[in-house]
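1. Predicted model follows, preceded by the sequence.
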Amino acid sequence: MSKKFLRRSALALAATATLLPAAPAIAQDAPKLQIGGTTYTKWLYGNLRDQGALYNFTTVPGEGYGDNGQGTELELLLNARLSSQVEVRGRIHSRFSQNFWTNFGGFGGDPSKPCVNGDCGEFDPRSNQYIKLRGIAVVLTPGYLIDSATIGANDFGQFDPYVIGRIRYIDRDNANGILLQGSGYSRKITWDATRISLPRLWAGPSFSTGAFHAADAAYGFQTKWTLSDTLDVGGIFSYVHDAEISPKDTNLDDGRDLTPRFRNGVGGVKANLRLADKVDIRGSLYHSYSNADPVLTPADFGLNGYSPVIAGRHEDNTFKVDVTLSDPLDIGLSVNLQGFSIGSDYVAIMAARRESDVLLTEGHDPSFAFPGPSNASYGVFKGNPTRIGYGGWTSEAQQVATINVDNEFTDFDEPFAETAIGWKGVTVNPVYGNGNLDLSGEYSYITYNTNWQAYGDPSRSYLKTDYPTAELDTGVGHNFRSAFAPFQDKQTHIAVLKGRYVLDVARGIDIFGKAKFIHETDHRINDARFLPYQAGACTGDGTPCKDLRNEYSPGFSTADTYGNPNVIDVNGVRGYQWKPFDSLSDDDRLLRYYAFTAGAGYQLSDDLYASLSYTKYLADLFDGNTAFQAYNLHEMASGFHNKNSILLKAKYILAGVEFGAEAQYAFGSFKPDFGDGFIATEADEQTAKDYNVPVGSKGFFNRYNGWNSLETRNFEQYRAKVFMKAQF
């Protein structure tokens with residue numbers, strides 16, 4: 001055997017001996033991929049017979065909504081640990097949308113049709129059972145300089161719902177950006193810094209960030225300093241920059257200049273003081289600046305404009321103070337107190353749009369979420385049925401600090417959001433617990449920073465305003481996007497009492513109940529100079545009204561909206577088609593609202609829990625008469641509303657599979673009371689066909705030829721949602 005061979009063999013053995021102990025360590029540090037997931041199957045059934053999509057509600061054009069159908073989603077969750085310092089997360093997700101079981105895999109379809117009801121089949125991702133990459137992010141924890149860096153998808157719920165809130169657009173983690181987090185002084189100081197790519201689908205004027213969007217971004221920074229066990233302070237700042245290519249830069253040799261389209265800066269300070277384990281005081285103050293270019297974005301809006309931000313340049317403040325008294329008398333009674341003021345011009349385009357309740361109050365009831373008695377937003381016009389249905393949403397309302405409210409792609413059992421822009425007031429919330437008994441209450445007094453006449457600037461036409469009015473504030477409830485109206489003099493009182501008691505019978509019977517009262521007034525126009533016509537323009541003797549316009553400022557008159565009525569003859573009786581707008585009381589609003597709930601729940605087995613409840617809603621409403629006509633746009637809702645809701649809920653768990661169900665039977669009536677000063681007409685065959693009313697039924701045509709029925713209406717809706725969620 002040669003020396004050369006022996007030398008090589010020795011070297012090989014030495015190398016093997018060196019490497020063998022390291023092999024387990026290498027294996028331990030090797031990338032590890034974990035795959036999990038969820039299948040979610042949903043069944044919808046209801047008597048509205050809508051099948052536009054597998055969601056009860058959306059206002060997005062072309063997306064569809066429905067209360068019937070069956071569908072399945074698949075979500076694959078991927079997690080790879082590359083090392084102790086690098087992690088990769090991601091999801092692969094299908095969506096319900098219009099992927100009904102009846103699509104049979106999404107084959108066929110007609111791409112020339114609007115894609116609603118799954119009509120496009122395999123030609124459109126809304127109906128072809130597509131699977132999409134979502135939620136991909138890389139998390140770095142280097143161990144120096146910063147605690148972590150998350151690059152990619154996030155919901156950005158680490159920040160503040162008044163400034164940068166948890167972002168959801170169908171999914172919570174569709175937003176993408178860079179998030180850096182760090183700390184110091186033994187984590188007494190923490191900080192977060194982010195750059196978020198601005199969502200081009202909604203994060204700017206007119207629900208858009210314009211034509212050039214690739215460089216648009218939101219920047220945010222927050223910090224918190226724990227000074228002691230009893231005091232911590234913090235600050236937050238965000239800046240949104242939406243730019244367009246400058247049309248003035250025609251020289252392409254040195255690149256292209258940008259010009260601002262929309263800018264939005266928000267700064268805030270916060271403090272939390274804890275005293276003797278019994279008192280907790282939290283305060284926050286925010287200041288916002290927004291500037292929308294009048295050329296690249298709408299310079300103003302009419303009486304029914306839509307945009308997630310106000311036009312022009314504005315600054316405003318918002319504050320909130322919370323005090324919690326934790327059982328100070330040691331009798332089981334705690335009290336939460338809150339004072340708040342959200343500015344009328346407060347703008348934070350990245351504030352939470354849903355699923356974040358920024359106020360303590362319950363707010364309005366989502367059972368009446370739209371102006372019309374049947375929850376139809378523009379039901380005064382033909383061909384505009386209700387979307388969510390007569391029953392509305394069955395959950396409680398959540399308030400958000402933006403007019404960019406998002407209730408899209410929701411079912412009737414999900415949380416409902418309403419704008420709180422302009423709200424100011426106080427809330428008192430006592431909470432009591434003693435053994436099997438839990439009680440809580442609320443009293444809120446709310447007035448409004450938007451109490452003004454002609455948007456606070458009577459020198460301008462109210463038809464050219466910076467404020468998008470969306471659905472306007474009419475009807476029983478607070479329409480969820482309605483923050484602004486040209487004339488407002490409003491205040492709201494809310495009182496709530498809730499209770500739950502567990503009866504020591506068998507497995508224990510949960511008895512629960514709730515009583516809620518809302519008293520709301522709005523005088524709207526409260527100065528006679530804003531009335532559309534001069535006194536005496538309508539004599540009431542069967543002759544037409546004279547065109548004696550009343551100008552509140554030179555050239556500006558509400559007669560542009562509230563035109564005088566025609567003189568009509570009905571069955572030999574002559575009179576006005578609607579009442580002339582000649583009194584400050586013609587547009588007044590008064591709501592007395594009551595809701596009472598009683599129910600019981602029981603653990604039927606170790607795996608099955610069910611509850612049954614009944615709610616009675618009573619609303620006595622005067623919301624302007626036929627002179628006002630709910631801004632001429634909506635179904636008038638003045639009168640007495642009597643609604644009943646029977647709700648059955650169930651939850652069943654079976655070894656990794658969860659079943660849930662909610663079924664509602666809603667029924668009731670609406671008895672209109674639109675005042676006097678006009679004569680009713682009768683529906684002819686065409687009117688009956690257009691508005692689904694009986695021939696000969698009484699009503700009146702408004703200024704835009706929309707029909708308001710004067711007959712008592714009876715409603716009946718049943719609907720159900722059942723889901724199965726399997727995790728693996």
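-> Right, received. Where do you want to start? Numbering: from 1, shown residues only.
2. contacting residues around the residue nearest to residue 439 when sequence neighbours are not counted?
-> Of all residues not flanking residue 439 in the chain, residue 432 sits nearest, at 4.4 Å (C-beta to C-beta, 6 or more residues apart in numbering). In short, each C-beta sits where N, CA and C put it, glycine included. Counting by C-beta atoms under 8 Å, 6 or more residues apart in numbering, residue 432 touches 332-334, 438-440.
3. is it fair to say residue 432 lies in a strand?
-> Yes. Under DSSP: H, G, I helix; E, B strand; the rest coil, residue 432 falls within a strand.
4. tell me the pLDDT at it?
-> pLDDT recorded at residue 432 is 97.
5. any idea how far residue 610 is from it?
-> Applying C-beta to C-beta, to the nearest Å, the value for residue 432 to residue 610 is 27 Å.
6. now do residue 380
-> 41 Å.
7. out of these two, which sits in the more crowded spot?
-> Neighbour count, other C-beta atoms under 10 Å: between residue 380 and residue 610, residue 380 has more, with 26 against 15.
8. which ones are touching that one?
-> 372, 630, 632-636, 702, 704, 706-708.
9. 10 Å instead?
-> Residues near residue 380 by C-beta atoms under 10 Å, 6 or more residues apart in numbering: 371-372, 629-636, 691, 701-702, 704-709.
10. Tell me the backbone dihedrals of it, please.
-> In this entry, residue 380 is assigned phi and psi values of phi -70, psi -20 (degrees, to the nearest 10).
11. Can you tell me the closest non-neighbouring residue to it?
-> Nearest to residue 380 is residue 706, by C-beta to C-beta, 6+ apart, at 3.6 Å.
12. Give me the number of neighbouring residues for the one you found.
-> Neighbour tally, residue 706, other C-beta under 10 Å: 23.
13. how far away is it from residue 577?
-> Remark: distance between residue 706 and residue 577 (C-beta to C-beta) = 12 Å.
14. any idea of the mean pLDDT in the host helix or strand of residue 686?
-> Following DSSP states H and E, one finds residue 686 within helix 685-691. Averaging pLDDT along helix 685-691 yields 93.
15. Kindly report the same for stretch 419-427.
-> Mean predicted lDDT for stretch 419-427 stands at 98.
16. Stretch 455-463 now?
-> Per-residue scores along stretch 455-463 average to 94.
17. try stretch 288-298
-> In the prediction, stretch 288-298 has an average pLDDT of 96.
18. Report the distance from it to the chain centre.
-> 23 Å (C-alpha atoms, centre = their mean, to the nearest Å).
19. Equivalent analysis for stretch 303-314, please.
-> The mean C-alpha position of stretch 303-314 is separated from the chain mean by 17 Å, C-alpha atoms, centre = their mean.
20. before we move on, back to that, which of the contacts of residue 380 fall within strands?
-> 701, 707-709 (DSSP state E).
21. got the CA positions of stretch 89-105 in CSV?
-> Provided in CSV are the C-alpha atoms of stretch 89-105 (Å, rounded to 0.1, in the frame of the first residue of the first chain):
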residue,chain,number,x,y,z
ARG,A,89,-45.1,33.6,5.6
GLY,A,90,-47.7,33.4,2.9
ARG,A,91,-51.2,32.4,2.0
ILE,A,92,-52.7,30.9,-1.2
HIS,A,93,-56.4,31.7,-1.1
SER,A,94,-59.5,31.3,-3.2
ARG,A,95,-62.5,33.6,-2.7
PHE,A,96,-66.3,33.1,-2.6
SER,A,97,-67.2,36.0,-4.8
GLN,A,98,-69.4,34.4,-7.5
ASN,A,99,-67.9,30.9,-7.2
PHE,A,100,-71.2,29.1,-6.5
TRP,A,101,-71.3,25.3,-6.3
THR,A,102,-73.8,25.6,-9.2
ASN,A,103,-70.9,26.9,-11.4
PHE,A,104,-69.8,23.3,-11.5
GLY,A,105,-66.1,24.2,-11.6
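22. Just the buried residues of it, please?
-> Applying a neighbour-count criterion of 16 or more other C-beta atoms under 10 Å, the buried positions in stretch 89-105 are 89-100, 103.
23. can I get the residues you listed in a markdown table with secondary structure and distance to residue 238?
-> As requested, those are exported to a markdown table (DSSP: H, G, I helix; E, B strand; the rest coil; distance: C-beta to C-beta, whole Å):
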| residue | secondary structure | distance to residue 238 |
| --- | --- | --- |
| 89 | strand | 25 |
| 90 | strand | 27 |
| 91 | strand | 26 |
| 92 | strand | 31 |
| 93 | strand | 28 |
| 94 | strand | 33 |
| 95 | coil | 29 |
| 96 | coil | 32 |
| 97 | coil | 32 |
| 98 | coil | 36 |
| 99 | coil | 36 |
| 100 | strand | 40 |
| 103 | helix | 42 |
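24. now, which of the residues you listed sits nearest residue 178?
-> residue 89 (14.8 Å; C-beta to C-beta).
25. which ones are touching the closest one?
-> By C-beta under 10 Å, 6+ apart, the neighbours of residue 89 are 77-80, 135-139, 150, 152-153, 173.
26. can we see that at 6 Å?
-> 79, 137 (C-beta atoms under 6 Å, 6 or more residues apart in numbering).
27. Poorly predicted segments of this structure, please.
-> 1-30, 169-173 (pLDDT under 70).
28. What ranges does it have for its helices?
-> For the chain, applying DSSP state H gives helices covering 3-19, 23-29, 685-691.
29. rewinding a little: which of the ones in strands among the contacts of residue 380 sit farthest apart?
-> The span of the ones in strands among the contacts of residue 380, defined through C-beta to C-beta, is set by 701 and 709 at 11.1 Å.
30. between the two, which one's more packed in?
-> Higher neighbour count among residue 701 and residue 709: residue 709, with 24 against 17, using other C-beta under 10 Å.
31. So what pairs up with that one in the strands?
-> Counting by DSSP bridges, residue 709 forms beta bridges with residue 699.
32. of the buried residues of stretch 89-105, closest to residue 454?
-> residue 97 (42.7 Å).
33. any idea how far residue 120 is from the residue nearest to residue 123 when sequence neighbours are not counted?
-> Spatial nearest neighbour of residue 123, excluding adjacent residues (C-beta to C-beta, 6+ apart): residue 111 at 3.9 Å. Distance from residue 111 to residue 120, counting by C-beta to C-beta: 6 Å.
34. show me the contacts for residue 391.
-> 664, 666, 717.
35. Please enumerate the strands of the stretch 551-700 of the chain.
-> 567-570, 573-576, 589-603, 608-623, 639-654, 657-672, 681-682, 698-701 (DSSP state E, counting those that start in this stretch).
36. For the longest strand along the chain, which strands pair with it and how are they oriented?
-> In the chain, taking DSSP E as the definition, the longest strand is strand 258-275. Its sheet considered, strand 258-275 pairs with strand 231-245 (antiparallel), strand 279-292 (antiparallel) by DSSP bridges.
37. All set, thanks.
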